[in-house]
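S.K.: Have a look at this fold, sequence not included:
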């Protein structure tokens, strides 16, 4: 039986890990938020009339036998998930379906993830029948084949996609055009947390540049205790993640800098940290009269809740694009919410473009157009997508 659409934002989840847990808990936690409320953890309570409680989960997919077949409210707390439990979640009526494995489980996480014996669901059909409007990709880092396969299911089912993973979809011309042709919006790639390592590092780099300090060397070292960090011990799965995080930082320098002078990326797995993430950032440069300038910072966060507030905003922006019949990559929101968007801006510029998108100004600038040349004409400067 086909699902009857309502004013809710019907949202599906690919990968019921810690990030999904934080998001589902967050929708329950902020269910009483009203327009105009200012509350910790949300960048905006109201986006063009849509509140956090308007996000309604429609489908979920995973391969872990401890999650498949459970209601989403139970699956988000199943092992190996280990993020904070900060909200009680009532039954959602959404059963976790068996997803398609492909390359979704790496060498180091394989021993701790029992694969469900059920055959994979027809994902596109589930998305259609559940009335899904927006899908979230929360697959493990390194799941290149699986992320692209799930993106294909979105195109077949006719639903929008928010790619929270460092697999380059929204930032490549091929996928931009495919979503544009279908009239479906996409935000991507690789979620940028609210106050995470990437945005703190970017803002410090931008500060050096704006204040006339030449950045000569910088590093960012991250470690944590969730399965994401365990998975990233397999360096072959880390390639896209390292590119994404590095480019997010170097895009703010404003000049060429040697690869040897920049190191950005996950460094180790410490099991007892659970879903906490620790980040060490250092910048070295030269100021007035070539006088040395250095800055060091340590940041500690709960990793998955740190991204959930951003995703809540991204879902609502995609819904606005659907309402306004805008397809393709959403330039402003992708720049603000993601590490590897189709175009890199400073975070303040991306915030302004996102505000304009939400307020329905300069709408033609927010949708992806066909090709780098046309994008440059729209925005008044050159750009380079990740081909």
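M.R.: Sure thing, it's come through. Remember, predicted model here, so these are calculated numbers, not experimental data.
S.K.: Pull the contacting residues for residue 268.
M.R.: 223, 229, 233 (Cβ atoms under 8 Å, 6 or more residues apart in numbering). All C-beta atoms are positioned from the backbone trio N, CA, C, and that covers glycine.
S.K.: show me what contacts the residue lying closest to the last one once chain neighbours are set aside?
M.R.: Going back to what we said before, that points to residue 233. Spatial nearest neighbour of residue 233, excluding adjacent residues (Cβ to Cβ, 6 or more residues apart in numbering): residue 108 at 5.1 Å. Going by Cβ under 8 Å, 6+ apart, residue 108 touches 230, 231, 233, 234.
S.K.: Among the residues you listed, which one sits closest to residue 291?
M.R.: Each of these was scored against residue 291 by Cβ to Cβ, and residue 233 proved nearest at 39.9 Å.
S.K.: Correct me if wrong, but that closest one is in a helix.
M.R.: No - assignment of residue 233 by DSSP: H, G, I helix; E, B strand; the rest coil gives coil, placing it outside any helix.
S.K.: Could I get the full set of helices for this protein?
M.R.: Using DSSP state H, the helices assigned to the chain run over residues 18-29, 72-75, 123-129, 144-157, 173-182, 197-210, 227-231, 239-250, 303-323, 331-337, 347-358, 363-366, 372-379.
S.K.: thinking again about what came up before, could I have the buried ones of the contacts of residue 108 as ChimeraX selection syntax?
M.R.: Only the buried entries of the contacts of residue 108 go into this ChimeraX selection, using 16 or more other Cβ atoms under 10 Å:
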select :230,231,233
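S.K.: Out of the helices of the chain, which one sits most buried?
M.R.: Burial of the helices of the chain is given as mean neighbour count (mean count of other Cβ atoms under 10 Å); helix 331-337 ranks first at a mean of 27.
S.K.: tell me the average confidence for stretch 26-37?
M.R.: Here stretch 26-37 scores 96 as its mean pLDDT.
S.K.: contact partners of it?
M.R.: 39, 41-42, 45-46, 49, 51-53, 55, 57, 86-90, 305, 308-309, 312.
S.K.: Now do it: distance to the chain's middle.
M.R.: 21 Å (Cα atoms, centre = their mean, to the nearest Å).
S.K.: repeat for stretch 73-92
M.R.: Computed by Cα atoms, centre = their mean, the chain-centroid distance of stretch 73-92 equals 20 Å.
S.K.: Use 22 as the first number for this chain going forward.
M.R.: All set: I'll call the first residue 22, so the last point we hit is now stretch 94-113.
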